[in-house]
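1. Pasting the sequence and the predicted coordinates here, then a few questions.
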Amino acid sequence: MKSIDLNADLGEADNPGWANDEIEMLQYISSANIACGGHAGSDEAMSRMIFGAQKHNVVIGAHPSYPDREFFGRKSFKIGRDIGAQELKLTLVSQISKLINLAESANERVRYVKPHGALYNDAMKDTEKADIIAKAISSFKQNLIFLGGPNSEMKIAAKKYGLKYVSEGFADRRYTEDGHLQSRNIKGSVIEKQNERISQAKNIVLNQSVITASGKKMPIKVDTICLHGDSPGALRTAKKIRNQLEKSGIKIMAFANVQ
């Protein structure tokens, strides 16, 4: 039976309703990317997500970002102007360490790292930033997996530092013809309709392809599908996508458990 991982960006909630939805999402995913203070998150939120993940047998990963709580990590930082290369590495190490320490205190293990927001998008094409992220991940002894986009500089950097790399696809984002995510600044880049999110997820998993923003069919091969926890209707999306994939004979399994 074919399997796929479902991951979600969690621990980002800033109100009780959203926080409750994040906990409920753990029923439908297999990997949780937990915000660790850079763009969102707190020790309390991280611990809540760790314990919730344990309850639902969900693998946990660190979700670090630029140190940018003001713009939720969606503002791009330029190396040498907004942040130094060493400073970026150190903040990533600090964020990941915080989650690792909290996880260890709960007898849990952080298995992977997925950069967030603008840092993720920048590192798709920026060799220096991809290298900084990979270097930060490789500084840990936990054999952390690097999770990022397919056909990206992050994948190349992971190989350079001897890291296992896992590629992901997105159920709720439009793609450009070069295989990258279309900027959120462009209207329609975030898929809002539930049926379109479900259709895109199924197409990626079952047909290894996606329809780009321009309407062209593009091949894409991934080991996990991201379900953004901050998108409107995210909980409903997660439930429906899992249900539809399982009905299609797809087993939901954390990628960290099949490496």
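-> Good, I have the coordinates.
2. Strands of the stretch 1-150 of the chain, residue ranges please.
-> Remark: strands assigned in the stretch 1-150 of the chain by DSSP state E, counting those that start in this stretch are 3-10, 31-35, 59-63, 110-113, 145-148.
3. could I get the ones you listed as JSON lines with mean neighbour count?
-> For every residue, glycine as well, the C-beta is placed using N, CA and C. What follows is these, written out as JSON lines (neighbours: other C-beta atoms under 10 Å):
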{"stretch": "strand 3-10", "mean neighbour count": "25"}
{"stretch": "strand 31-35", "mean neighbour count": "28"}
{"stretch": "strand 59-63", "mean neighbour count": "28"}
{"stretch": "strand 110-113", "mean neighbour count": "25"}
{"stretch": "strand 145-148", "mean neighbour count": "25"}
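4. could you redo those as CSV and give each row distance to Gln194 and mean pLDDT?
-> Output for these, formatted as CSV (distance: least, C-beta to C-beta, whole Å; pLDDT from 0 to 100):
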stretch, distance to Gln194, mean pLDDT
strand 3-10, 16, 96
strand 31-35, 22, 97
strand 59-63, 24, 98
strand 110-113, 28, 98
strand 145-148, 25, 98
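5. tally of neighbours for the nearest residue to Glu246 once chain neighbours are set aside?
-> Nearest residue to Glu246 in three dimensions, chain neighbours excluded: Ile252, at 6.7 Å (C-beta to C-beta, 6 or more residues apart in numbering). Neighbourhood size, Ile252 [other C-beta atoms under 10 Å]: 17.
6. Enumerate every residue touching the residue nearest the centre of the chain.
-> Geometric centre of the chain, nearest residue: Lys114, 5.1 Å, by C-alpha atoms, centre = their mean. By C-beta atoms under 8 Å, 6 or more residues apart in numbering, the residues touching Lys114 are Asn7, Asp9, Asn33, Gly61, Ala62, His63, Tyr120, Leu147, Gly148, Glu168.
7. Relative to Asn243, how far out is the closest residue in space to the third one that isn't next to it in sequence?
-> Distance criterion C-beta to C-beta, 6+ apart; nearest residue to Asn33, sequence neighbours excluded, is His63 at 3.9 Å. According to C-beta to C-beta, to the nearest Å, His63 and Asn243 sit 25 Å apart.
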